[in-house]
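Q: for reference, the sequence and a predicted model appear below.
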Amino acid sequence: MRRPELWRTTTFRLTLVYGAVFAAGVVALLGLIYASAAGFLTRQMDEIVVGEARALDSAPLGALPRRIADEEAHDIRNVNFYGLFARDGTWIAGNVRRLPADVAADGVPRQLREPGFQPGARALARRLPTGEILFVGFDAKTLTGLRVIILRSLIWSGALIIVLGLGLGALLSLAPLRRIRAVQQASLPILDGDVGARLPTSNRHDEIDMLAGIANGMMDEVERLLWAVKSVGDNVAHDLRTPLTRLRALLYRVRQGAAADGPQGPMLDQALVETDALLARFKAIQRISEVDRRERRAGFAPVRLRALVEEIGDLYEPLAEDLGLSLITRIEASCEIQADRELLFEALSNLVGNAIKFTPRGGSVRLRLTRLPEGPRLEIADSGPGVPEDEREAVLERFYRGRRERDTPGSGLGLSIVAAVARLHDFRLILSDASPGLKVTLDCWPVAMTY
Amino acid sequence: MARILTIEDDETTAEAIVSELTRHGFQVEWVADGRAGLVRAVSGEFEAVTLDRMLPGVDGLTIVSVMRKAGIDVPVLMISALTEVDERVRGLRAGGDDYLTKPFASEEMAARLEVLLRRSRAQPRQTMLRIGELEMDLVTREVRRGGREIALLPTEFKLLEFLMRNAGQVLTRTMIFEAIWGYHFDPGTNLIDVHMGRLRRKIDEPGGDPMIRTVRGAGYAIHAPT
């Protein structure tokens, strides 16, 4: 399972969306304030220029240049602009030396786009009864100031929103993320087969608790069903054990009582052989569930694989030779692992026994111990008919007897025991093609869980 | 005639045990209840005990540990319906000498009890085993038959030693596998047979009197040639 990244959490993304919406709101609000203020200021400036023009208009003839000079002298903010031009446009008085081209002499205030004026400046021009043209302008310094304030507010508030949003998003996401991680950790034993494990819940009753609750409910049900199945199995095993013991004992006593060369003798012998086969199979089933039930790692101790493989080689070599096979043991590494020695021996014994059983005379069985960077690997390969790819999973199941096993005696449980032992150790058991033959690989290191 | 105590609550199983042990020449007393069984077990009147693991009253583990505490060291064969590997360990740790799981074959039970009895009666510091003309020196690890030295591999030596220590006794394949290799699972019949075959080819000359005999459906036994 990959660790969920902070920025991928729902909370974080939601916070980001909230932040974006909030930022848009702030932009809209400040924009509205600016638009209203700009409109208001423009109207004020218009009133100012109209009023100024009207005041100058009423000045006595010939006194106008002086009045203009007076006004200019009083304008300490340097926002008022005046110009008096002759009929042909030549300058007479005022601090505007040239009549701006886009200002018609109709007395209506309009925007002034001239170098030297702030954007948004207003101005009007009107023709005096003498035919001269009076120009009155008002620079938009206040408006510019306001725009700077608004822009600065926008930048600062934007930066603040981004920083706060990211911070808050991270902060809000961390807590749920921590809980998700806790759930993830708690689910590992479940995936590992511990049906008793449950996911942690808090008393917040939020959506994580809800999901964990649902998952726990499902696990309760799984556990209940598993116990039901197991107790049925145990009961069947328990109920069969005594009658089987009695059956074997009674048959044996009848055989003892019958004349050795009587007509029933061979039949009774055959009945005993069949009963023994039944008992062997029954014990094998019990053995698998016993291995599966075992307290994990309870019987684990250091096991020297070299010695184990040598022992297996010595045990099976005579059998292989008797059947005209060569059993080749190759030990290329010497290593010690934590394992249940007896079960590991049983598993190897089953694998080698199987390989010998299915390999025709003249063939070979190869037992090999190597070391990989991850740990030791055991390989058992034979030159027999092999197992078709589509059957390789199934042969590990209980009672499965593949096509190659139809004509040979056996319980169909040997590989299931091997699989159970591998499960107990968290070892990986792989069946592959030895072309020809079957290769069984047992990787003797706990498989890292990749979910 | 050795006296054996059988503590077993299932009547049919008990009958089977009693009849098989009687057939082997033992005098058997049967007790079905744990409490009465404990009283009889500590009486000191028996040479060996077959003990069911789960009994009404007092259970088998308690009986065997009480026996051991009371200083009664006769061999105890524990018979149990509990198959867990740890159960065997628990049974042996409590003081049992061998552990047999149900369902079992009567002849295997009897063979195991006889091996236990023989072991408890054996002289502790025996250095030489001898059956007829077959000799095994446990110190020099030499084996001779009629003066002819026989070279044995370590496994073959252990196999022959086990047979000779239990001369005349039928030994099942499971018992042989447990005694020689020390594992407690069913290795399949022919695995033991081939090892036995190899040993037999070295011990018994072709045409001569065979000493190692196959007991049909049961196992192997070594006898002096007749």
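A: That came through, no problem. No experiment lies behind these values; they were computed from the predicted model shown.
Q: could you find the closest non-adjacent residue to the residue in chain B that chain A sits nearest to?
A: Closest approach of chain B to chain A (CB to the nearest CB) occurs at residue B:16, with a separation of 3.1 Å. (Glycine included, C-beta is placed from N, CA and C.) The shortest distance from residue B:16 to any residue that is not its chain neighbour, by CB to CB, 6 or more residues apart in numbering or on different chains, is 3.1 Å, and that residue is residue A:249.
Q: contacts only, for that neighbour.
A: Residue A:249 is in contact with B:12, B:13, B:15, B:16, B:20, B:106, counting by CB atoms under 8 Å, 6 or more residues apart in numbering or on different chains.
Q: among those, which two are most distant?
A: Taking CB to CB as the measure, the contacts of residue A:249 reach their widest spread between B:12 and B:20, a distance of 12.6 Å.
Q: close to chain A: what parts of chain B are there?
A: By CB under 8 Å from any CB of the partner chain, the part of chain B that sits against chain A consists of B:10, B:12-13, B:15-16, B:19-20, B:23, B:81, B:83-86, B:101-107, B:155, B:181, B:183-188, B:190-191, B:194-195, B:197-198, B:216-217.
Q: residue 70 - how many residues pack around it?
A: Went with chain A since none was named. For residue A:70, the number of neighbouring residues by other CB atoms under 10 Å in any protein chain shown comes to 12.
Q: that was the other one, I meant chain B.
A: Here the count is done by other CB under 10 Å, and residue B:70 has 13 residues near it.
Q: hmm, back to that, quick one: distance of the helix or strand where the residue nearest to residue B:16 lies to the chain centre.
A: Take DSSP states H and E as the rule and residue A:249 turns out to sit in helix A:207-257. Distance of helix A:207-257 from the chain centroid (CA atoms, centre = their mean, to the nearest Å) equals 38 Å.
Q: avg pLDDT for that helix?
A: Looking at helix A:207-257 alone, the average pLDDT works out to 82.
Q: let me know the secondary structure of residue B:18.
A: Applying DSSP: H, G, I helix; E, B strand; the rest coil to residue B:18 yields a three-state assignment of helix.
Q: how much space between it and residue B:109?
A: The span separating residue B:18 from residue B:109 equals 11 Å under the rule CB to CB, to the nearest Å.
Q: domain parsing of the chain, as residue ranges.
A: Went with chain A since none was named. Here the domain assignment for chain A is A:7-144, A:207-293, A:301-443, based on automatic domain parsing.
Q: wait, chain B
A: Under automatic domain parsing, the residue ranges defining each domain of chain B are B:3-121, B:128-222.
Q: now do the end-to-end distance for the shortest one.
A: For domain B:128-222, the first-to-last residue distance is 16 Å (CA to CA, to the nearest Å).
Q: higher neighbour count, residue B:18 and residue B:109?
A: Neighbours were tallied for residue B:18 and for residue B:109 using other CB under 10 Å; the higher tally belongs to residue B:109 (23 against 18).
Q: tell me which residues touch that one, please.
A: Neighbour list for residue B:109: B:17, B:20, B:50, B:77, B:79, B:100 [criterion: CB under 8 Å, 6+ apart].
Q: a markdown table for these, including neighbour count and distance to residue A:61?
A: Output for these, formatted as a markdown table (neighbours: other CB atoms under 10 Å in any protein chain shown; distance: CB to CB, whole Å):
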| residue | neighbour count | distance to residue A:61 |
| --- | --- | --- |
| B:17 | 27 | 149 |
| B:20 | 23 | 153 |
| B:50 | 27 | 148 |
| B:77 | 23 | 146 |
| B:79 | 26 | 142 |
| B:100 | 21 | 142 |
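Q: can you list contacts of stretch B:111-120?
A: Outside of stretch B:111-120, the residues that reach it under the criterion CB under 8 Å, 6+ apart are B:2, B:4, B:21, B:24, B:47-48, B:50, B:73-75, B:77, B:97-98, B:100, B:165-166, B:169-172, B:175, B:218-219.
Q: where do the strands of the chain begin and end?
A: In the absence of a named chain, chain A is used. Read by DSSP state E, chain A holds these strands, from start to end of the chain: A:80-85, A:91-93, A:110-111, A:122-127, A:133-138, A:301-304, A:326-331, A:336-339, A:364-371, A:376-382, A:428-433, A:438-443.
Q: wait, chain B was what I had in mind.
A: With DSSP E as the criterion, chain B has strands spanning B:3-7, B:27-31, B:48-52, B:76-80, B:98-101, B:128-131, B:134-137, B:142-145, B:148-150, B:171-172, B:212-215, B:219-222.
Q: the third one pairs with which strands?
A: I take that to be strand B:48-52. According to DSSP bridges, strand B:48-52 forms sheet pairs with strand B:3-7 (parallel), strand B:76-80 (parallel).
Q: again with the last one
A: As defined by DSSP bridges, the strand partners of strand B:219-222 come to strand B:171-172 (antiparallel), strand B:212-215 (antiparallel).
Q: which stretch among the ones you listed comes nearest residue B:134?
A: The minimum distance between residue B:134 and these falls on strand B:212-215, with 9.9 Å, by CB to CB.
Q: just to revisit the earlier point, what subset of the residues of chain B next to chain A is buried?
A: B:10, B:13, B:15-16, B:19-20, B:81, B:83-85, B:101-107, B:155, B:181, B:183, B:185-188, B:190-191, B:194-195, B:198 (16 or more other CB atoms under 10 Å in any protein chain shown).
Q: can you list the low-confidence ranges for the chain?
A: You didn't pick a chain, so chain A it is. Across chain A, the stretches falling below the confidence threshold (pLDDT under 70) are A:1-4, A:233-234, A:238, A:260, A:294-298, A:397-412, A:448-451.
Q: was after chain B, sorry
A: Within chain B, the stretches with pLDDT under 70 are B:83-85, B:226.
Q: before we move on, back to that, in helices only, show me the residues of chain B next to chain A.
A: Judged by DSSP state H, the subset of the residues of chain B next to chain A located in helices is B:12-13, B:15-16, B:19-20, B:23, B:85-86, B:106-107, B:155, B:181, B:190-191, B:194-195, B:197-198.
Q: picking up where we left off before, quickly compare the domains of chain B and say which is most buried.
A: Mean neighbour counts were compared across those using mean count of other CB atoms under 10 Å in any protein chain shown; the top stretch is domain B:3-121, at a mean of 19.
Q: could you tell me the end-to-end distance of it?
A: Between the start and the finish of domain B:3-121 there is a gap of 14 Å, counting by CA to CA.
Q: how much space separates the most centrally placed residue in chain B from residue B:202?
A: For chain B, the residue nearest the mean C-alpha position is residue B:112 (2.6 Å; CA atoms, centre = their mean). From residue B:112 across to residue B:202, the span is 27 Å (CB to CB).
Q: same check, this time on residue A:185
A: When distance is defined by CB to CB, residue A:185 is 61 Å away from residue B:202.
Q: repeat that for residue A:209.
A: When residue A:209 is compared with residue B:202 (using CB to CB), they lie 74 Å apart.
Q: then residue A:84?
A: Applying CB to CB, the value for residue A:84 to residue B:202 is 142 Å.
Q: ok, residue B:89 next?
A: Looking at residue B:89 against residue B:202, where the rule is CB to CB, the gap reads 36 Å.
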